[in-house]
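J.: requesting a structural model of the entry that follows:
(one chain, ligands or ions: 1)
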Amino acid sequence: MIIAIDGPAASGKGTLAKRIAAHYGLRHLDTGALYRAVARDTLAHGGDLTDASAAATVAARLDVATLGDPALRTPGLGEAASVVARHADVRAVLLEYQRNFARGEPGAVIDGRDIGTVICPDADVKLFITAAPEERAHRRFLELVQNGTKIKESEVLADIRARDERDRTRGASPLRQAEDAALLDTTNLDIDAAFRAAIDLIEAAMGQAGRAG
Ligand code: CDP
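T.: Model (predicted):
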């Protein structure tokens, strides 16, 4: 079983994806970490984030063992990730790893921006998770403060808005809801309520697929 979860910055898709994977005994891949790691490695080599071929070379050499590095979660790397993520060459290099991960047994929950549209267009279930920008900024702000980051909530909101704009308007695999994805707006839901709503949508989608097949 493959569950594709997409959505804008800080929509809660990562937290939901982890819980959904644990619930169904599936593996989980946070594809944002791939782009954040490419940005980290490009910067570490003194490279230019806007240079597509330099970033693609870095992507080809990416060590996936480093994807769990908590340093990837800094706001600066989120911003930098959205710059390298615009390059079609970078996306092409990362595509195979993501598809191979999806194909592995016993199945996977994969979250990102283009999972339902490009990486796994045949996923069994597709969810598009969203929430009002102010609510997303508030949640991300609390998360960052808890991790000891000094930042203003207004800066987090500005970062989220800039990133959403960049992700939605780029030519290569822009952020958008797949036509067959179920929409989940978590603006007024806490994490437990969002999880229950996601499970209901997944069960409904699986039930429909069962009836169709
Ligand atoms: O956790 P958050 O929503 O803040 O961001 P993320 O999922 O870690 O993604 C960081 C950036 O990577 C995004 O703003 C996108 O530009 C890019 N990304 C992408 O282009 N495609 C994906 N499948 C995942 C992330």
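J.: quickly list what the most centrally placed residue in the chain is bridged to.
T.: In the chain, the centroid-proximal residue (Cα atoms, centre = their mean) is residue 112; its distance is 2.4 Å. Per DSSP bridges, the residues bridged to residue 112 are residue 6.
J.: low-confidence ranges, the chain, go.
T.: 210-213 (pLDDT under 70).
J.: could you give the number of residues near residue 154?
T.: Counted with other Cβ atoms under 10 Å, the neighbours of residue 154 add up to 10. All C-beta spots, glycine's among them, are computed from the backbone N, C-alpha and C.
J.: please apply the same query to residue 193.
T.: 11.
J.: and the helix or strand hosting it, what's buried?
T.: Following DSSP states H and E, one finds residue 193 within helix 191-212. Of all the residues in helix 191-212, those buried under the rule 16 or more other Cβ atoms under 10 Å are 194, 195, 197, 198, 201, 202, 205.
J.: residues contacting the nearest residue to residue 50 once chain neighbours are set aside?
T.: Leaving aside its sequence neighbours, residue 50 sits nearest to residue 83 (Cβ to Cβ, 6 or more residues apart in numbering; 6.4 Å). By Cβ atoms under 8 Å, 6 or more residues apart in numbering, the residues touching residue 83 are 39, 49, 50, 166.
J.: so which of those wins on neighbours?
T.: Comparing the contacts of residue 83 by number of neighbours (other Cβ under 10 Å), residue 39 comes first, having 26 neighbours.
J.: distance of that residue relative to residue 128?
T.: Look at residue 39 and residue 128: by Cβ to Cβ, to the nearest Å, they are 24 Å apart.
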